[in-house]
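J.: Provide a 3D model corresponding to the input given below.
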Amino acid sequence: MKKRTPVPRLRVLHLHSSFDPGGKEMRAVQLINAFGPQVAHSIVSAVPGALGAARAIDPAIPVDYPEFPELTGKPFPRRLQELARAMIGFDLVLTYNWGAMDAVLAHTAFAEVLKLPPLIHHEDGFNQDEAVRLKWHRNLFRRIALFRAQRLVVPSQRLEHIARTAWKQPAAMVKRIPNGIAVFAYGRKPKPDVLPRVIKHPGELWLGTLAGLRAVKNLPRLVRAFAPLPEAWQLVILGEGPEREAIRAEAVRLGVGHRVHLPGHVAHPAQAMGLFDLFALSSDSEQFPISVVEAMASGLAIAAPRVGDIEAMVAGENCRFLSPPGDEAALSQALLALAEDADLRASIGKANRTRAEAEYDEAKMITAYRNLYAGALGRTAFP
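T.: Coordinates of the predicted model:
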């Protein structure tokens, strides 16, 4: 009998602005796990040591974290050439957000001469420095850098519009793929002690959020909006990041420190979000936040600023509880109205769950990414 020659694994290089847990990082993990062990992944973070999302990768998946030229710095020719050379030997290069844009430019500059693999760039949103207004020089940089990229992927209608207008990308270049989750895994009531360092006691009601503790999420604003809620309400913020002390300090200043809890990152949100009675965001900028989809799948009503695609995401019944961006008083009023009416929370939560089931299940998203990556490689399937 003839021996079968093993099919070589595809090698994919991921260049991230950070690989600590967040929306884009956890989506990347979701896709890595879905593609299975037939694909080997090399993951690079522009922030040294920021690799916390790696904990959620299936141990059966071949993954490494190679030494790589720094992703940020001056875009001098020698440095760009070093970045480009480090891409040799891979089958596909995936780049993410502004923090990896120098690598995108390096690929454009040297793709032909070095015969580099195809590159697909992903944009998921902006940090605090572009939350209100885009920087013109970054818009120009992106236009130039993306010249040889295979495709630009965005999750939201707003980012699709920005890509077409501010970054001058042709329609055929931009691919919008909404984020998706395993909706069926959400909506169950977990044990009250499932979270580290905090237990849900009888009679308590939880306002919850899930976010990286970064300035753009403006979580001190959420603490202030939450403060007028009745004493039975607790604010539980799931996530990690540099703003932890600022959030804690604001809670103490307002005299609600005993009702504000920061248990840290939760690897499996589906196991925790069922403890929430109401969900909120307070961000200065969002695009298509996965946490909103997770809250919808958990059957929760949502109070949030009207940023990014949130208004288009939630059920129609939920829209009146979305506040103007930056309007802290309106956000607080929305929280109070929902906190005071359990039947209203339940009916909106049910409508959100129905919409999540219809629109945002992960199977649709994974298929879209498989087709996109296969097309970049000239294949009919990925992996």
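J.: give the contact list for the nearest residue to residue 300 once chain neighbours are set aside.
T.: Closest residue to residue 300 apart from its sequence neighbours, by C-beta to C-beta, 6 or more residues apart in numbering: residue 279 at 4.4 Å. For every residue, glycine as well, the C-beta is placed using N, CA and C. Residues in contact with residue 279 (C-beta atoms under 8 Å, 6 or more residues apart in numbering) are 207, 208, 209, 273, 291, 292, 295, 298, 300, 301, 302, 303.
J.: Can you classify residue 279 as helix, strand or coil?
T.: strand (DSSP: H, G, I helix; E, B strand; the rest coil).
J.: Check the one 3 residues further on too.
T.: For residue 282, the assignment made with three-state DSSP gives coil.
J.: can you give me the helices for the stretch 1-150 of the chain?
T.: 23-35, 77-85, 101-114, 136-145 (DSSP state H, counting those that start in this stretch).
J.: quick revisit: from the contacts of residue 279, list just the buried residues.
T.: Among the contacts of residue 279, those classed as buried by 16 or more other C-beta atoms under 10 Å are 207, 208, 209, 273, 291, 292, 295, 298, 300, 301, 302, 303.
J.: Strands - which of those land there?
T.: 207, 208, 209, 302, 303 (DSSP state E).
J.: Out of those, which comes closest to residue 40?
T.: Using C-beta to C-beta, residue 209 comes nearest to residue 40 of those, at 35.2 Å.
J.: And that closest one, how close does it get to residue 146?
T.: Residue 209 sits 33 Å away from residue 146, going by C-beta to C-beta, to the nearest Å.
J.: what's the answer for residue 194, then?
T.: From residue 194 to residue 146 the distance is 43 Å (C-beta to C-beta).
J.: between those two, which one's more packed in?
T.: Under the neighbour definition other C-beta atoms under 10 Å, residue 194 and residue 146 were set side by side, and residue 146 has more, 26 against 17.
J.: what pLDDT does that one get?
T.: Residue 146 carries a pLDDT score of 97 in this model.
J.: Could you pull up the residues touching it?
T.: 104, 108, 121, 152, 167, 169, 173.
J.: Now tabulate those residues in JSON lines and tack on pLDDT, distance to residue 229 and neighbour count.
T.: Shown next, in JSON lines, are the contacts of residue 146 (pLDDT from 0 to 100; distance: C-beta to C-beta, whole Å; neighbours: other C-beta atoms under 10 Å):
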{"residue": "104", "pLDDT": "98", "distance to residue 229": "45", "neighbour count": "26"}
{"residue": "108", "pLDDT": "98", "distance to residue 229": "51", "neighbour count": "19"}
{"residue": "121", "pLDDT": "98", "distance to residue 229": "42", "neighbour count": "26"}
{"residue": "152", "pLDDT": "98", "distance to residue 229": "41", "neighbour count": "24"}
{"residue": "167", "pLDDT": "96", "distance to residue 229": "41", "neighbour count": "21"}
{"residue": "169", "pLDDT": "97", "distance to residue 229": "44", "neighbour count": "21"}
{"residue": "173", "pLDDT": "97", "distance to residue 229": "46", "neighbour count": "17"}
